[in-house]
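[1] Below: sequence and its predicted model.
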Amino acid sequence: MEREALLRNPELKNMGGQGLLRTRKLTQYLLETSVYPREPEILKQLRATTAIHPLGLMGTLPDAGQVLTMVLEMVNVKKTIEIGVFTGYSLLLTALTIPHDGKITAIDPDQEAYNIGSPLIKKAGVEHKINFINSVAHPVLDKLLETPDEHDSFDFAFVDADKVNYAKYHEKLLKLVKVGGIIVYDNTLWLGTVAVEEELVPEMLRESRHYMKELNKSLAADDRIRICQLPCGDGMTICRRLR
Ligand SMILES: C[S@@+](CC[C@H](N)C(=O)[O-])C[C@H]1O[C@@H](n2cnc3c(N)ncnc32)[C@H](O)[C@@H]1O
Ligand SMILES: O=c1cc(-c2ccc(O)cc2)oc2c(O)c(O)ccc12
C-alpha cells in the first residue's frame, strides 16, 4: 500500500523506475550506453538472481556499481569493509576489482540473502577475499576498534545498510579508514525523499529520511573529510579522509 502511494507520488518519480534522472528514457539511455555493456557477466547473473527476491530493489544499482569500481581502482584498494551486503552485488563487484590478496570484511545480519549470491561469488573464484560476518555492524566495528592494529588500516568502506545508523558508522569508520582512504555512503538522496516535504513522504520512509538529511548536513560540515555527492543510483556520497 505504502509502496503504491510512493509510485503514484509525482514527487518521488524515481520509484517508478526512472531513477534520479529526469526521464525513464534518459536512465535507460545511460544504462544501455555506458553501464550494461561494461558490466561483468557474473554481476548480470547476480542481478537477475536478486530480482526474484521480494526485496530485490535493495540491490546496489549497476550505475552506482560502476562508480564504486572506478573509485576502488583509482585508490588501489586492498583492504576494505562493507556494511550491508544483501545478496552481494556490491560485494562481488568489490571482490572482482581488488587484487588477488585483497581482503573484504563484509557485515550483514541476513544470512539467507547472502546465501542467494554466495554460489556466484564462489563461481567467480573470489571467495577467498571475503570474510562474511553474519551480524549487525556495531559490535563488529567495536571489536575492530578494540584492536589497535585495525585503526587507520582500511583503504575503503562502503555503507549500504540501516540508514538511521549511518552517522554512528561514520564516527567509527573514520577511525578504521586510513588518512587518504575513502568511505562511500549509498542512498544519500534516499529515493528522492530528502527534497520532498515530510507530509508528502510515506510514513515508512520518514525516519530514515530524517536521518539521511541529518547525515548529509553533517558530512557537508565535517572538516575531517572531502566530499562529493553524486546523483547516481539512489544518491551516493564519496568521502575522503583528510586527517
Ligand atoms: C540495501 S541492502 C544492501 C545492498 C547491497 N550492498 C547490494 O549490493 O546488494 C541493505 C542491507 O543492510 C542490512 N542491514 C540492515 N541493518 C543492518 C545492520 N545493523 N548492520 C549491518 N547490515 C544491516 C540488511 O540486512 C540488508 O541486507
Ligand atoms: O527499500 C529499501 C530499504 C532499505 C533498507 C531499509 C532498512 C534497513 O535496515 C536497511 C536497508 O534499503 C534500500 C536501499 O539501500 C536501496 O538502494 C533501495 C531501496 C531500499
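    Sure thing, it's come through. What you see is a predicted model; the values in this text were computed from it and never measured. Numbers count the residues shown, from 1 in each chain. Ligands and ions are numbered 1, 2, ... in the order given.
[2] Could you list the residues of this structure in contact with ligand 1?
    The chain has residues 58-60, 83-87, 89-90, 107-110, 113, 136-137, 160-162 near ligand 1, with proximity defined as Cβ under 6 Å from any ligand atom. Bear in mind the C-beta positions are built from the backbone N, C-alpha and C, glycine included.
[3] Repeat the analysis, applying 8 Å as the threshold.
    Counting by Cβ under 8 Å from any ligand atom, the positions of the chain adjacent to ligand 1 are 50, 55, 58-60, 65, 82-91, 93, 107-110, 113-114, 117, 135-138, 158, 160-162, 165, 186-187.
[4] and those, which are buried?
    Neighbour counting by 16 or more other Cβ atoms under 10 Å classes 50, 58-60, 65, 82-91, 93, 107-108, 113-114, 117, 137, 158, 160-162, 165, 186-187 among these as buried.
[5] Among these, which are located in strands?
    Assigned to strands by DSSP state E, the following of those qualify: 82-83, 107, 158, 186.
[6] Just send those back as JSON lines, with pLDDT too.
    As requested, those are arranged in JSON lines below (pLDDT from 0 to 100):
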{"residue": "Glu82", "pLDDT": "98"}
{"residue": "Ile83", "pLDDT": "98"}
{"residue": "Ile107", "pLDDT": "98"}
{"residue": "Phe158", "pLDDT": "98"}
{"residue": "Asp186", "pLDDT": "97"}
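[7] and ligand 2, which of the residues you listed contact it?
    Here is what survives when those are matched to ligand 2 using Cβ under 8 Å from any ligand atom: Asp186.
[8] Distance from stretch 94-110 to the middle of the chain?
    On the basis of Cα atoms, centre = their mean, to the nearest Å, stretch 94-110 sits 13 Å off its chain's mean C-alpha point.
[9] And for stretch 22-42?
    Worked out by Cα atoms, centre = their mean, stretch 22-42 lies 18 Å from the chain centre.
[10] what residues does it touch?
    16-19, 21, 44, 62-63, 65-66, 92, 96, 120, 123-124 (Cβ atoms under 8 Å, 6 or more residues apart in numbering).
[11] buried subset of those?
    Neighbour counting with 16+ other Cβ under 10 Å marks 19, 21, 62-63, 65-66, 92, 96, 120, 124 as buried within the contacts of stretch 22-42.
[12] which of those residues sit farthest apart?
    Spatial extent of the buried ones among the contacts of stretch 22-42 (Cβ to Cβ) is set by the pair Leu21 and Ala124 at 30.2 Å.
[13] Tell me who's in contact with the residue lying farthest from the centre of the chain.
    Outermost residue of the chain with respect to the C-alpha centroid, by Cα atoms, centre = their mean, is Glu199; its distance is 27.1 Å. Taking Cβ under 8 Å, 6+ apart, we find Glu199 in contact with no residue.
[14] per-residue pLDDT, it?
    Model confidence at Glu199, given as pLDDT, is 94.
[15] What of Gly19?
    Value for Gly19, per-residue pLDDT: 74.
[16] For it, give its distance to ligand 1.
    Distance, Gly19 to ligand 1, by Cβ to the nearest ligand atom, to the nearest Å: 16 Å.
[17] ok so, going back, point out the ones among the buried ones among the residues of the chain next to ligand 1 that are inside helices.
    The helices, defined by DSSP state H, take in 50, 65, 89-91, 93, 113-114, 117, 137 from those.
[18] hmm, back to that, got the phi/psi numbers for the residue farthest from the centre of the chain?
    Dihedral pair for Glu199: phi -60, psi -30, per degrees, to the nearest 10.
[19] quick one: it and Arg206, what's the gap?
    10 Å (Cβ to Cβ, to the nearest Å).
[20] Equivalent analysis for Gln111, please.
    Between Gln111 and Arg206 the distance is 29 Å, computed by Cβ to Cβ.
[21] What of Leu144?
    32 Å.
[22] If anything else comes up later, I'll come back, but that's it for now.
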